[in-house]
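**Q** would you be able to build a 3D model of this:
(one chain, ligands or ions: 2)
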Amino acid sequence: MPDIVPVLTIDGPSGSGKGTISRLVAHRLGWHYLDSGALYRAVGVAAGWAGIDLDDDGALVRCTFDTQVDFTEAGDGELRVIVNGTDATDELRTETAGAAASAIAAIPQVRAALRDRQRAFRQPPGLVTDGRDMGTVIFPDARYKVFLTASAEERAERRHKQLKSKGVSVTMDGLLREILARDARDAGRTVAPLRPADDAVHIDTTGLGIDAVVERVLALVAPRAGS
Ligand SMILES: Nc1ncnc2c1ncn2[C@@H]1O[C@H](COP(=O)(O)OP(=O)(O)OP(=O)(O)O)[C@@H](O)[C@H]1O
Ligand SMILES: Nc1ccn([C@H]2C[C@H](O)[C@@H](COP(=O)(O)O)O2)c(=O)n1
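**A** Ligands and ions are numbered 1, 2, ... in the order given. Next comes the predicted model:
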């Protein structure tokens with residue numbers, strides 16, 4: 001597909017800051033935003049509501065086709081995710097939903113069922129999207145590609161702070177284990193594994209604040225955004 005509508009892909013492991021940075025960059029550019037992980041999380045949550053076992057690939061694939069996901073902006077500018085008509089934003093952000101999404105995401109037919117839904121977000125004036133395979137599989141022709149990383153310890157610390165601010169009590173050790181397990185599963189699967197696209201710009205955000213990362217990403221786009 002020709003690069004008519006510019007796309008900026010931001011891939012990376014869990015807790016590297018993809019969602020935070022993508023949302024801020026999309027806002028600054030005035031572009032659309034797709035949180036591709038939310039689609040996998042939505043299928044996981046919908047499967048849970050329907051009592052589907054995470055080992056039942058056939059039922060999970062059917063559930064993927066049956067799950068309606070809508071993104072809406074709340075009055076405070078927050079993005080809400082509506083799954084089959086129910087606001088599931090908070091449930092989607094739990095570690096349980098993340099782990100379920102990671103398991104489901106290893107099923108090739110689930111990924112295939114979500115492919116066109118993700119591509120449909122490519123609308124003028126541009127799209128910023130984050131996930132694991134945005135630059136490698138979903139938008140291989142994206143004009144800008146970033147691969148965000150940070151040490152596993154820093155990612156666990158960020159998640160710890162985030163959960164603590166929401167009143168969720170978790171241990172650093174437990175979080176670190178969950179993060180490493182999710183990285184291993186996402187990078188180790190045979191279909192669309194987590195990996196940087198060959199033409200992605202790598203940004204290690206360890207020790208870098210959110211604003212600094214946003215500026216680095218915007219600096220990649222700014223020189224060519226008007227072309
Ligand atoms: N550069 C940064 N410095 C400090 N904190 C950050 C940075 N980037 C993101 N954070 C914080 O880290 C936490 C995790 O960020 P975020 O949810 O954006 O990561 P993610 O890569 O999208 O994770 P996941 O893949 O699990 O959805 C958030 O609380 C966010 O505010
Ligand atoms: N493009 C994507 C996006 C997400 N996934 C899977 C793997 C993740 O562990 C899980 C949750 O994603 P997150 O919300 O943490 O970004 O969903 C994927 O395989 N491909």
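
**Q** wasn't V146 part of a helix?
**A** No - V146 is assigned strand when assessed by DSSP: H, G, I helix; E, B strand; the rest coil, not a helix.

**Q** just give me the neighbour total for it.
**A** 29 (other CB atoms under 10 Å). (Each C-beta comes from the backbone N, C-alpha and C, glycine too.)

**Q** off-centre distance for stretch 167-174?
**A** 22 Å (CA atoms, centre = their mean, to the nearest Å).

**Q** go on, stretch 160-176?
**A** With CA atoms, centre = their mean, you get 20 Å for stretch 160-176.

**Q** what does that stretch rub up against?
**A** Residues outside stretch 160-176 that contact it (CB atoms under 8 Å, 6 or more residues apart in numbering) are 95, 152-153, 156-157, 159.

**Q** farthest-apart pair in those residues, please.
**A** E95 and E153 (17.0 Å; CB to CB).

**Q** neighbour count: the two, which is higher?
**A** Set E95 next to E153 and count neighbours by other CB under 10 Å: E95 wins out with 17 against 13.

**Q** now that one, nearest residue through space, not along the chain?
**A** Excluding the flanking residues, the one nearest E95 by CB to CB, 6 or more residues apart in numbering is E178, at 5.7 Å.

**Q** isn't the one you found up against T96?
**A** No - if you go by CB atoms under 8 Å, E178 and T96 don't touch, sitting 9.9 Å apart.

**Q** who's more crowded, the two?
**A** A direct count of neighbours by other CB under 10 Å for E178 and T96 places E178 higher, at 20 against 13.

**Q** that one is in what secondary structure piece?
**A** helix 172-188 (DSSP states H and E).

**Q** pLDDT on that helix, on average?
**A** Per-residue pLDDT over helix 172-188 has a mean of 94.

**Q** ramachandran angles for V128?
**A** Phi and psi for V128, reported as degrees, to the nearest 10, are phi -110, psi 130.

**Q** for the chain, which segments are assigned as helices?
**A** 18-29, 36-49, 57-66, 89-92, 95-104, 108-119, 152-165, 172-188, 210-221 (DSSP state H).

**Q** what's around the closest residue to G15 other than its chain neighbours, how many residues?
**A** Spatial nearest neighbour of G15, chain neighbours left out: R155 (3.3 Å); criterion: CB to CB, 6+ apart. A count of nearby residues for R155, using other CB under 10 Å, gives 24.

**Q** contact partners for R155?
**A** With CB under 8 Å, 6+ apart, R155 has these contacts: 13-16, 179.

**Q** any idea which of those is closest to D55?
**A** S14 (22.3 Å).

**Q** contacting residues for the closest residue to that closest one other than its chain neighbours?
**A** Nearest residue to S14, sequence neighbours excluded (CB to CB, 6+ apart): R182, at 4.9 Å. Listed by CB under 8 Å, 6+ apart, the contact set of R182 reads 13-14, 98-99, 102.
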